[in-house]
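>>> predicted structure and sequence below. I'll ask about it afterward.
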Amino acid sequence: MSFTAPLTTPGLALDPHWHRRAVFYEVMVRSFMDSNGDGIGDLAGLISKLDYLQWLGVDALWLPPFFESPLRDGGYDVADYTAVLPEFGTIEQFRELVTKAHERNMRIVIDLVINHTSDQHPWFQASREDPQGPYGDYYVWSDTDEKYQDVRIIFVDTEESNWAFDPVRRQFYWHRFFSHQPDLNFENPKVHDEIFDVVRFWADLGVDGFRLDAIPYLYESDGGTGESEPPTHAFIAKLRAMIDEEYPGRILIAEANQWPHEVVEFFGTDEQPECHMAFDFPVMPRIFYALRSQQATELERQLSEEVHAPEGSAWGVFLRNHDELTLEMVSEEYRQAMYGWYAYDPRMRANVGIRRRLAPLLDNARSELELAHALLFSLPGSPFLYYGDEIGMGDNIWLPDRDSSRTPMQWTPDRNAGFSTADPGKLYLPVVQSLVYHYNQINVESQLAQSRSLLHWVRNVIHVRKAHPTFGLGTMRVLRTDNESVLAFVREYAGTGTHLGDSAERILCVFSFAHNPVSVTITAEGLEGAGLHDLFGGAPFPPVGDDGRLTLTLGSQSFFWLGADAAR
Ligand code: NOJ
Ligand code: CA
C-alpha cells in the first residue's frame, strides 16, 4: 500500500470508515433536475440541487449509470464506459459535480456495470464481426445454446433463455439480463485489464466508490449456477487489491441479491478482502411483510441469523431503489401474500417483484412511512434512500417496466413539477399526476413550507441518526418480547472516545407493527436497571427493571429509539 496517496479524494475529511456512518441517496441523473429545458435531467441540474441534498443530511450520492448508452435498460446497457451520455452533460461537468459535492463533504459513488455491455458497445460490434480479431474473445460465444443449463433466468418477464443467436457471427452469445446485454468474458485477461482501466479513469476523476452491478454473475461453468463462482470472487479480490494499492479509501459495494450467508462472501476474508459494503436484500421484503402481517417474527428471525460482516465492512440497507421490490429472497407462501397486499393489480408486478414506489406501497399512510424509515435508519448498516421517497412521491404503473418509479423529481407545483421548463410532452417520462400523488400536492417546495411534512420528518430522523455513531458503528442484539407484533433490539457501541460524540452508547429500538395500540414486555438482557430517554425529545422513560424486564405501550404502527444510561 502506498503511503503517499491520500486516504480519500481531495476536499474531504479523512475517514477510512466513512461508508459505515454515511447516509446514501440514490439519484438517477435523468430524473432529478433538467438544467437546459430539453426535458431530460442532467449533471448541471444535479449540481444545482446539491444544497438541497446537503440540507437533507445526505453524505453520499449513488449515481446509476450516466454513460453513453442506448438506454434500453436505464443505462445499465453501457456503450462506452468512459463517456458521459451527451444529454446528461460532459466529463467536465462530472468533474465539477465531484468537486462541488466534496466541498459539501458529500461523496460520489457510481455504478460499475461490468457483467455485461450494451450490444451497441464497439467491443461487441467488433467481436461479432471479427471472431479472430482482438475483440473476438471479449464475450461468451458458443455454437450451442445447451451449455450452462443450470443457470437461472433473471428477467423472467422478457427472456426465455440466457443465450441469444447472433446472425452476424452465426453463434450464440451468453446474457444474464436482456438479450441486448451480452455478458463480458472474464476468462479473457484482456477484459480484466479493460475494466481496471475504466475504474482508474473514474477514480482519477475523484469518485469515492463503485457499486458493483450484478456482481455474482461474472463467471459461469459447466454444472455451476453461474452465481458467485470461485473465479468471480478471485476477480473482485484482485480489483480490491488494485483499489487498496492505487486508490486507498475508495469503496466497493456489492449488488448481490442473495441470502446473507452467500452475500457475506462478497466482503472477502482478512487475507483477501473484496467489497467494503454489500446490499442487504433479504431484510428489505421482511420489513414490508411485517407491516401488513402485523407480525415481527419473520423479520426478527432474519435479523437474529448470525452473519459475520468483517470489521470495517457494512451492509447497505434500503426500502426501495430504481428496480422492482424484489421478492426473490422470500418463500413462495410469503411472496403470494405480498403480491396480494402490495401488487393486487397484475400491472404492479415485474419479474419476481413489485414495481411501485414506497409511498403508494404503504398507501400513503404516514405512520407506516415513519415506521419503515425508523427501521431503515436504525438497522445495522448504512441506509440508502431513493430519490423522491423523502417527499413520498408516487409512481405511474401505466409506464412500462421499472420506469413506473423513475419519473421526474417533484420540486414545485409549477409546470413539470419544477423539474424542467420543456414542453410537458417532451419530458423523458411524464410527471406523476395521479389523484393522491399529483405534483401539485407532493413536491419539495410545499413540504418545505409545512413544518410537519414527511420531508421535515425524514430530515430530522436523519439528523438524529447522525448524532449517534452507534447506528453506523455499533453491534445489534435482538431482544425477546412477549408480543409477536413487536420487534426490539439493542444497538451497542464501545466508542473510541477520540472525538466528540464518539463514546460508548447503547440504544434500545422498539417497533410495533400492530395496527392498534399494544403493550409489550421486553427482556432487555444486559440493560438491567438502566435509565432510558427518548432520542428525539430527550424525555425520560421508566427505567428497565433490575430483572431486565421493561413494559412499554406503543401506539399503532409506532416506534421508540431510547438511549440507555448506565445502570443505576
Ligand atoms: C441491476 C440493476 O440494478 C438493474 O437496474 C439492471 O437492469 C440489472 N442490474 C442489469 O444491469
Ligand atoms: Ca437536460
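In hand now; what should we look at? Ligands and ions are numbered 1, 2, ... in the order given.
>>> spell out which parts of the protein neighbour ligand 2.
Residues of the chain lying close to ligand 2 (CB under 5 Å from the ion) are 34, 36, 38, 40, 42. From N, CA and C alone the C-beta is placed, and that goes for glycine too.
>>> go again with 8 Å.
Proximity of the chain to ligand 2 (CB under 8 Å from the ion) is limited to residues 34-42, 44-45, 87-88, 420.
>>> just the buried ones from those?
Buried members of those, scored by 16 or more other CB atoms under 10 Å, are 34, 35, 39, 40, 41, 42, 44, 45, 87, 88, 420.
>>> contacts only, for the closest residue to ligand 1 within the stretch 51-200 of the chain.
Nearest to ligand 1 in the stretch 51-200 of the chain, going by CB to the nearest ligand atom, is residue 76, at a distance of 3.3 Å. By CB atoms under 8 Å, 6 or more residues apart in numbering, the residues touching residue 76 are 64, 65, 111, 113, 177, 181, 213.
>>> most neighbours of all those residues, which one?
Neighbour counts for the contacts of residue 76 (other CB atoms under 10 Å) peak at residue 113, which has 29 neighbours.
>>> now that one. Nearest residue, chain neighbours left out?
residue 213 (4.3 Å; CB to CB, 6 or more residues apart in numbering).
>>> which residues are in contact with that neighbour?
Residues in contact with residue 213 (CB under 8 Å, 6+ apart) are 76, 111, 112, 113, 114, 115, 255.
>>> go with 6 Å
For residue 213, the contacting residues are 111, 113, 255, by CB atoms under 6 Å, 6 or more residues apart in numbering.
>>> mind putting these in JSON lines, secondary structure, pLDDT and distance to ligand 1 included?
Below are these laid out as JSON lines (DSSP: H, G, I helix; E, B strand; the rest coil; pLDDT from 0 to 100; distance: CB to the nearest ligand atom, whole Å):
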{"residue": "111", "secondary structure": "strand", "pLDDT": "98", "distance to ligand 1": "8"}
{"residue": "113", "secondary structure": "coil", "pLDDT": "98", "distance to ligand 1": "6"}
{"residue": "255", "secondary structure": "coil", "pLDDT": "98", "distance to ligand 1": "6"}
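>>> residue 69: which of the residues you listed is nearest?
In terms of CB to CB, no member of these lies closer to residue 69 than residue 113, at 9.4 Å.
>>> for ligand 1, what's the nearest residue on the stretch 451-568 of the chain?
Across the stretch 451-568 of the chain, the shortest distance to ligand 1 (CB to the nearest ligand atom) belongs to residue 458, at 23.2 Å.
>>> list the buried ones in the helix or strand where that residue lies?
Assigned by DSSP states H and E, residue 458 belongs to helix 454-466. The neighbour-count check on helix 454-466 (16+ other CB under 10 Å) flags 454, 455, 457, 458, 459, 461, 462, 464, 465, 466 as buried.
>>> can you tell me which of the residues you listed is closest to ligand 2?
For the buried residues of helix 454-466, the residue nearest ligand 2 by CB to the ion is residue 455; the value is 24.5 Å.
>>> shouldn't that closest one be in contact with residue 447?
Yes. Using CB atoms under 6 Å, residue 455 is in contact with residue 447, at 3.8 Å.
>>> what do the two both touch?
Common neighbours of residue 455 and residue 447 (criterion: CB under 6 Å, 6+ apart): residue 391.
>>> could you pull out the helices for the stretch 301-450 of the chain?
Secondary structure of the stretch 301-450 of the chain (DSSP state H, counting those that start in this stretch): helices at 332-342, 358-361, 366-376, 444-448.
>>> and those helices: which comes nearest residue 520?
Residue 520 lies closest to helix 366-376 among the helices of the stretch 301-450 of the chain, at 14.9 Å (CB to CB).
>>> list, one by one, the residues from the chain near ligand 1.
Counting by CB under 6 Å from any ligand atom, the residues of the chain close to ligand 1 are 73, 74, 76, 113, 177, 213, 214, 322, 323.
>>> cutoff 5 Å now
Applying CB under 5 Å from any ligand atom, one finds that the chain approaches ligand 1 through 73, 76, 177, 213, 214, 323.
>>> so what's residue 193 up against?
Shown in contact with residue 193 (CB under 6 Å, 6+ apart): no residues.
>>> that one belongs to a helix?
Yes. Secondary structure assignment places residue 193 in a helix (DSSP: H, G, I helix; E, B strand; the rest coil).
>>> state the pLDDT value of it.
pLDDT for residue 193: 98.
>>> for it, give its distance to ligand 2.
35 Å (CB to the ion, to the nearest Å).
>>> per-residue pLDDT of the residue nearest to residue 113, please?
Residue 213 is assigned a predicted lDDT (pLDDT) of 98.
>>> please apply the same query to residue 11.
Note on residue 11: pLDDT of 63.
>>> got it, and residue 566?
75.
>>> same question for residue 7.
If you check residue 7, the pLDDT there is 50.
>>> check residue 497 too.
If you check residue 497, the pLDDT there is 71.
>>> what does residue 259 give?
Residue-level confidence at residue 259 comes out at 86, pLDDT.
>>> now do the SS call for residue 242.
Here residue 242 is recorded as helix under three-state DSSP.
>>> distance check, it against ligand 2.
Distance from residue 242 to ligand 2, by CB to the ion: 35 Å.
>>> can you get me a residue count around that residue?
Neighbours of residue 242 under the rule other CB under 10 Å: 16.
>>> once you drop chain neighbours, what's closest to it?
Residue 242 sits nearest to residue 196 (CB to CB, 6+ apart), 6.0 Å away.
>>> host element of the one you found?
Take DSSP H and E as the rule and residue 196 turns out to sit in helix 189-204.
>>> figure out how far the helix or strand bottoming out on mean pLDDT in the chain is from the centre of its chain.
The weakest-scoring helix or strand in the chain, judged by mean pLDDT, DSSP states H and E, is helix 260-263 (a mean of 86). Once both centres are worked out by CA atoms, centre = their mean, to the nearest Å, helix 260-263 turns out to sit 16 Å from its chain's centre.
>>> tell me which strands the helix or strand that that helix is followed by pairs with, and in which orientation.
Where DSSP H and E defines the elements, the next helix or strand beyond helix 260-263 is strand 277-279. Using DSSP bridges, strand 277-279 pairs in its sheet with strand 251-254 (parallel), strand 314-318 (parallel).
>>> burial of the closest residue to ligand 2 within the stretch 251-400 of the chain, as a residue count?
Nearest residue of the stretch 251-400 of the chain to ligand 2 (CB to the ion) works out as residue 387 at 16.2 Å. Residue 387 has 22 neighbouring residues, counting by other CB under 10 Å.
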